[in-house]
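In: Pasting the sequence and the predicted model now:
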Amino acid sequence: MFVNQLKYFIFVFAGVVIAATSILPVYSAASDQNVLESEARLLISESVPSISESVIGGRESVSHVSEPVKSENEPVLGGELVVSLYATPPHLNPAIMSGLATAFPGSQIFAGLLRFDNDWNPHPYLAEKWDISKDGLSVKLNLVKNSIFHDGKPVTSEDVAFSIMTVKALHPFKSMMEPVERVDTPDPHTVVIHLRKPHPAILLAMSSALLPILPKHIYGTVENVKDNPANMNPIGSGPFKLESFIPGKEIRFKKNKDFFIKGRPYLDLLTIKIISNVLEESMGMETGDINMMVSFQDLNEMNHLKSLEHIVVISDAFKGIGPLYWMAFNLQKKPFDDVRVRRAMAYAIDRKFIIKTLYQNQAVAETGPISSSSPFYSSEVNHYEVDFEKANRLLDEAGYPRDSFGKRFSCRMTYLPERSGSNRAMIEYLNSVFMKKLGVETIIEHPDDFGQWMQKISNWDFDMTLDDVFNWGDPVIGVHRTYLSSNIRKGVIWSNTQGYSNPEVDALMEQAGSELDFQKRYALYKKFQKIITDDLPVYSIVKPFFAIAHNRNLVWVEKSIWGVMSPMDTVYWKQNAQTN
């Protein structure tokens, strides 16, 4: 705890001017499954052409090394990186959409104000210097003077102010920029952010994935951003320019030769291939068709890749996200408008069994709304240890007796489809337990894709759903948005889609969101966690396993707490590197 507190104090309260010196598994219940996976791997390897043999977007892929270097420690320039991603983003603008599928490509197109290393330290990006006032009510930013958008227009303070107000108005994380009262732009390269209260996570919120700097001359007004066609073909000032975006297939980028950090990016091309089948992804890693695999959840495939000599698996690649895998209830519909029903469902779920059986003991139980990896986590909450007798008693008290067939009621359950392997295993377990132990029939709804799931959940057309949700480094950014009654916004995914409202919780978040003293803030979040786990709008199950696998010949100089949701301008191939 002391180390986490120390990092917190260093990160939040520095308030000094910093100048740039440079810039779930597919669970196999039987051994036969391994044979089937091996056969499938062979079939895929025979049917999928290698990158060197294929033509992408009508052009041949470039080789991984195009220029030799004098020293093996000096970055190699040129080449292409091919990364697999499990989902198609609805668009490429992270200012109005959260999630890895949007933030990964978005952080390559758009530059942010700051970038963070793998130890939570902020570094200059578009902002070369920053200064937080002693009272915490203003932040002054000095921008670099050589940054231009991909269309040649300069990046100015007006673009920064426009982007901040856009995120405040349209991003699902309502609390992230809510304290901002106004943004002054005294000159083209100076920004002064005025806050109505101190904001302990204001620097973290300046990351590319959370606050991409948009071109005001393209969008015009904040009202024009949400449905603007530029979101599908965006212009930013980041290290890569968008070349093509084919939903469901791939996103291609080319090097931004006018990037404001001299000599970067090192790569010439970056291609994101949309592949929802984890076995196909894994086979691509084996054959060299794919060089990097992001956020896979199949532990069988992860362990298989770990065994390969030319593959490196980074298990702490997303330190900042604080992922939670949970079951969310729709409190705006019966029967889950009754807390007794929600608690009954929780008492029937065996986390220990899930971790041992579905996650092969490679997951950690989660007990509440704040990730156990956060310095604000408290274990002093109701853990809902398995108690079928109490669960059935609660359902009786709620007015849902068993009928002559032993059934109480039916409800719908859906899930985030891109993790269909792990979710299907979880769904099968929950479906069995709820029916056999509680008399609750779950009707499973299988969404065709992420877009269909997003539409249903954001428009409150669900009873229960399984989902991954991130804490995003600080509760103000990634936790408040789920529980703020003011963030019940129809049509906005990853907002308060549960419809949960508790004035006491709103007040606690308001206090904690402006408190700069760590101990006082921790005490507020401790109380917050207890109330949330008692009210139970969501039931946290485990911390999902997020990792990155990549070819051993790939060098990633500046890793970040955000993983690939950060600029990849320092990634390069070793000299004379081969894909296999």
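Out: Ah, there it is. Please read these numbers as outputs of a predicted model, since none were measured by experiment. Residues are numbered from 1 along each chain as shown.

In: what about the spatially closest residue to Lys216 that is not a sequence neighbour, how many neighbours?
Out: The shortest distance from Lys216 to any residue other than its chain neighbours is 4.1 Å, reached at Phe162 (Cβ to Cβ, 6 or more residues apart in numbering). Just so you know, the C-beta spots here come from the backbone N, C-alpha and C atoms, and that holds for glycine as well. Burial of Phe162 is recorded as 24 neighbouring residues (other Cβ atoms under 10 Å).

In: In contact with Phe162, which residues are there?
Out: Leu214, Lys216, Tyr219, Val222 (Cβ atoms under 8 Å, 6 or more residues apart in numbering).

In: can you check Tyr572 too?
Out: Pro75, Val76, Leu77, Gly79, Tyr266, Leu267, Leu554, Val555, Val557.

In: if we can go back for a sec, let's have the contacts of Phe162 in a markdown table, adding distance to Asn471.
Out: Listed next are the contacts of Phe162 as a markdown table, based on distance: Cβ to Cβ, whole Å:
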| residue | distance to Asn471 |
| --- | --- |
| Leu214 | 25 |
| Lys216 | 31 |
| Tyr219 | 29 |
| Val222 | 27 |
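
In: in the stretch 151-300 of the chain, which spans are helices?
Out: Counting by DSSP state H, counting those that start in this stretch, the stretch 151-300 of the chain has helices at residues 157-170, 174-177, 216-219, 278-287, 299-306.

In: quick one on the thing from earlier: for the contacts of Phe162, pick the one with the most neighbours.
Out: That'd be Leu214 among the contacts of Phe162, by other Cβ under 10 Å, with 31 neighbours.

In: Look up the closest residue to that residue, ignoring the ones flanking it.
Out: Nearest to Leu214 is Ser163, by Cβ to Cβ, 6+ apart, at 4.7 Å.

In: Let's verify Ser540: helix, strand, or coil?
Out: strand (DSSP: H, G, I helix; E, B strand; the rest coil).

In: quick one: contacts for it?
Out: Shown in contact with Ser540 (Cβ under 8 Å, 6+ apart): Leu324, Tyr325, Trp326, Glu366, Thr367, Gly368, Pro369.

In: what number of residues lie near the fourth one?
Out: The burial count assigned to Glu366 is 23, neighbours taken as other Cβ under 10 Å.

In: what's the closest non-adjacent residue to it?
Out: Excluding its sequence neighbours, the residue lying closest to Glu366 (Cβ to Cβ, 6+ apart) is Ser540, at 4.0 Å.

In: send the alpha carbons of stretch 567-576 over as CSV?
Out: Extracted as CSV, the C-alpha positions of stretch 567-576 are listed here (Å, rounded to 0.1, in the frame of the first residue of the first chain):
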residue,chain,number,x,y,z
PRO,A,567,1.3,5.9,-29.6
MET,A,568,3.4,3.2,-31.1
ASP,A,569,6.0,5.5,-32.6
THR,A,570,8.8,3.8,-30.7
VAL,A,571,8.2,0.3,-32.0
TYR,A,572,10.7,-1.1,-34.5
TRP,A,573,12.0,-4.4,-35.9
LYS,A,574,15.5,-5.5,-35.0
GLN,A,575,18.1,-5.4,-37.8
ASN,A,576,17.8,-8.4,-40.1
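
In: Need the winner for burial among the helices of the stretch 151-300 of the chain.
Out: For these, the largest average neighbour count (mean count of other Cβ atoms under 10 Å) is found in helix 174-177, namely a mean of 24.

In: Would you mind writing the CA trace of that one as PDB?
Out: C-alpha atoms of helix 174-177 as PDB (Å, rounded to 0.1, in the frame of the first residue of the first chain):
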ATOM      1  CA  LYS A 174     -18.900  12.100 -17.800                       C
ATOM      2  CA  SER A 175     -16.900  12.700 -14.600                       C
ATOM      3  CA  MET A 176     -13.600  12.800 -16.400                       C
ATOM      4  CA  MET A 177     -13.900  16.400 -17.600                       C
END
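
In: Hmm, Phe528 and Gly368 touching each other?
Out: No: the criterion here is Cβ atoms under 8 Å, and Gly368 misses it with Phe528 at 9.0 Å.

In: show me the contacts for Ser163.
Out: Ala95, Leu211, Pro212, Ile213, Leu214, Lys216.

In: how far away is the residue nearest to Glu366 from Asn277?
Out: 28 Å (Cβ to Cβ, to the nearest Å).

In: mind checking pLDDT for the residue of the chain positioned farthest from its centre?
Out: Here the chain reaches farthest from its C-alpha mean at Ser404, the gap being 45.6 Å by Cα atoms, centre = their mean. Per-residue pLDDT puts Ser404 at 96.

In: beta partners for the residue nearest to Glu366?
Out: Trp326 (DSSP bridges).

In: what's the burial count for Val294?
Out: Quick note: Val294 (other Cβ under 10 Å) scores 24 neighbours.

In: How about Glu397?
Out: Around Glu397 there are 12 residues (other Cβ under 10 Å).

In: thinking again about what came up before, filter the contacts of Tyr572 down to just the buried residues.
Out: Pro75, Val76, Leu77, Gly79, Tyr266, Leu267, Leu554, Val555 (16 or more other Cβ atoms under 10 Å).

In: tell me which element the first one falls in.
Out: Right, the one you point to is Pro75. When elements are defined using DSSP states H and E, Pro75 is found to belong to no helix and no strand.
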